[in-house]
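> Predicted model and sequence follow; I will ask about them next.
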Amino acid sequence: MKVILLGDSITQGIGSKAVNYQAELELLLGDESMVLNWAVTGSTIDCAVAVCARLIEERPDFVVLLYGNVDAQIRPCRTGKLFRYLPGRFGAVNGCMILPRPFYSHKWYLWLLQRLENVLRSLFRHMIYHFDGTEQWVQPERYLQTLDAVCKRMHSAGIHPVICSTVYIDERLFPGSDVEYRKINALMLQYATENGYDFVDLYSALKQRVQQEGWSVCYNEDHFHPNAAGYHVFATQIAKALNRNHL
C-alpha cells in the first residue's frame, strides 16, 4: 500500500523535530506499506490542485487530504490599515506570527521573553480584529468546489482519496474559527458521503480527548498543532480507514 499525505503544518509538523503522524501511520499499516509526506506548512486546498499531476505520476493507492485548518481559520485582515504597520516579525507575509506560540523554551529567561512576545501577539491580533476586521483565506463554498475537482481527478486516475476533517480548535485563542471549522467539516462529510469517499472525523476525536483530559493531552501550547499524543489519534483513525479499504 502506498499512501501520500497532503496538508498544511498540521500534517508536516512544526519545530526542529517536525513531529507528525507519518511514521506511526506507516507502522500501523504494516511492513508492506509506504507513507510519503508531501504536506507544506501554510498551504490551502489549492496546493492539492498544484500537485495533482505529480500525484498521478507517483500512482499511490491512497491520498490523505487534511486541509481546511488554514483555509477556514478566521485571521486578522491583512489588507486593513493596521496590518502594514506591524513589526516585521509579526506581520511577515501572512500574519502567522501574531497567532499563539506553539512552544516555549525550557530556559527560564527565554521562556519569559517568549511569554511576553505571546502577549504582544495577542494584543496585535485583537487590535486588528477591532479596527480592520478579519478574513478567511478560502471560503467554504470555494473550498468544496476545489476539493471536488481534486477528488474527481484522483479518482479517475485510480487513486482513492481519504478526506479528513480539521482539527478541534480553541475558540478562546482563535475567536470565530471553531464555528467555521464545524461548517467546513459538515460540508466535507456530506460531500464524502454522497460520493462514496472515506471521511475521517479528527475534529470529534480530538474534542472528546480535550473535554475529558484538557488541551495539553493532545496539543502544543497554541491549542492548534497536535503533540505526539494528538498525532496518535491521527494515525489510529486514518489507519482504520485505510485498512478498511485495503482489505
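Here it is on my side, so go on. Numbering: from 1, shown residues only.

> ok, the closest residue to residue 33 other than its chain neighbours - contacts?
In space, residue 33 comes closest to residue 1 once its chain neighbours are excluded; the distance is 4.4 Å by C-beta to C-beta, 6 or more residues apart in numbering. Any C-beta I mention is one placed from the backbone N, CA and C, and that applies to glycine too. Under the criterion of C-beta atoms under 8 Å, 6 or more residues apart in numbering, the neighbours of residue 1 are 29-30, 32-34, 61-62, 242, 246.

> and which of these is nearest residue 165?
Using C-beta to C-beta, residue 242 comes nearest to residue 165 of the contacts of residue 1, at 16.0 Å.

> For the longest helix belonging to the chain, buried residues please.
Of all the segments of type helix in the chain, defined by DSSP state H, the longest one is helix 108-131. Residues 114, 118, 121, 124-125, 128-129 are the ones in helix 108-131 that count as buried (16 or more other C-beta atoms under 10 Å).

> now swap in stretch 152-161 and tell me
Result for stretch 152-161 [16+ other C-beta under 10 Å]: buried residues 153-154, 159-161.

> go on, stretch 86-93?
86, 90-91.

> want to throw the residues you listed into a markdown table with secondary structure, distance to residue 140 and pLDDT?
Output for these, formatted as a markdown table (DSSP: H, G, I helix; E, B strand; the rest coil; distance: C-beta to C-beta, whole Å; pLDDT from 0 to 100):
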| residue | secondary structure | distance to residue 140 | pLDDT |
| --- | --- | --- | --- |
| 86 | coil | 28 | 84 |
| 90 | helix | 28 | 78 |
| 91 | helix | 27 | 71 |
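
> now for the buried residues of helix 108-131, which pair is the farthest apart?
Across the buried residues of helix 108-131, the longest distance by C-beta to C-beta is 22.4 Å; it joins 114 and 129.

> Show me which helix or strand of the chain is least confident by mean pLDDT.
helix 88-91 (a mean of 76; mean pLDDT, DSSP states H and E).

> Just give me how far that helix sits from the chain centre.
22 Å (C-alpha atoms, centre = their mean, to the nearest Å).

> do stretch 88-102 as well
17 Å.

> next one: stretch 81-88
26 Å.

> if we look at it, which residues are touching it?
Here stretch 81-88 has contacts from 76-77, 91, 95, 98, 124, 127-128, 131-132, using C-beta under 8 Å, 6+ apart.

> switch to 6 Å and redo it
The contact list for stretch 81-88 (C-beta atoms under 6 Å, 6 or more residues apart in numbering) reads 128, 131-132.

> Return that stretch as PDB; C-alpha atoms alone will do.
C-alpha atoms of stretch 81-88 as PDB (Å, rounded to 0.1, in the frame of the first residue of the first chain):
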ATOM      1  CA  LYS A  81      -4.800  49.900   7.900                       C
ATOM      2  CA  LEU A  82      -3.100  48.400  10.900                       C
ATOM      3  CA  PHE A  83      -1.500  45.300   9.500                       C
ATOM      4  CA  ARG A  84       1.000  47.200   7.300                       C
ATOM      5  CA  TYR A  85       2.400  48.900  10.400                       C
ATOM      6  CA  LEU A  86       3.100  45.700  12.400                       C
ATOM      7  CA  PRO A  87       6.800  45.000  13.200                       C
ATOM      8  CA  GLY A  88       8.200  42.800  10.500                       C
END
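
> that older thread, got JSON lines for the contacts of stretch 81-88, with pLDDT and distance to residue 186 too?
Listed next are the contacts of stretch 81-88 as JSON lines, based on pLDDT from 0 to 100; distance: C-beta to C-beta, whole Å:
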{"residue": "128", "pLDDT": "92", "distance to residue 186": "28"}
{"residue": "131", "pLDDT": "93", "distance to residue 186": "32"}
{"residue": "132", "pLDDT": "93", "distance to residue 186": "29"}
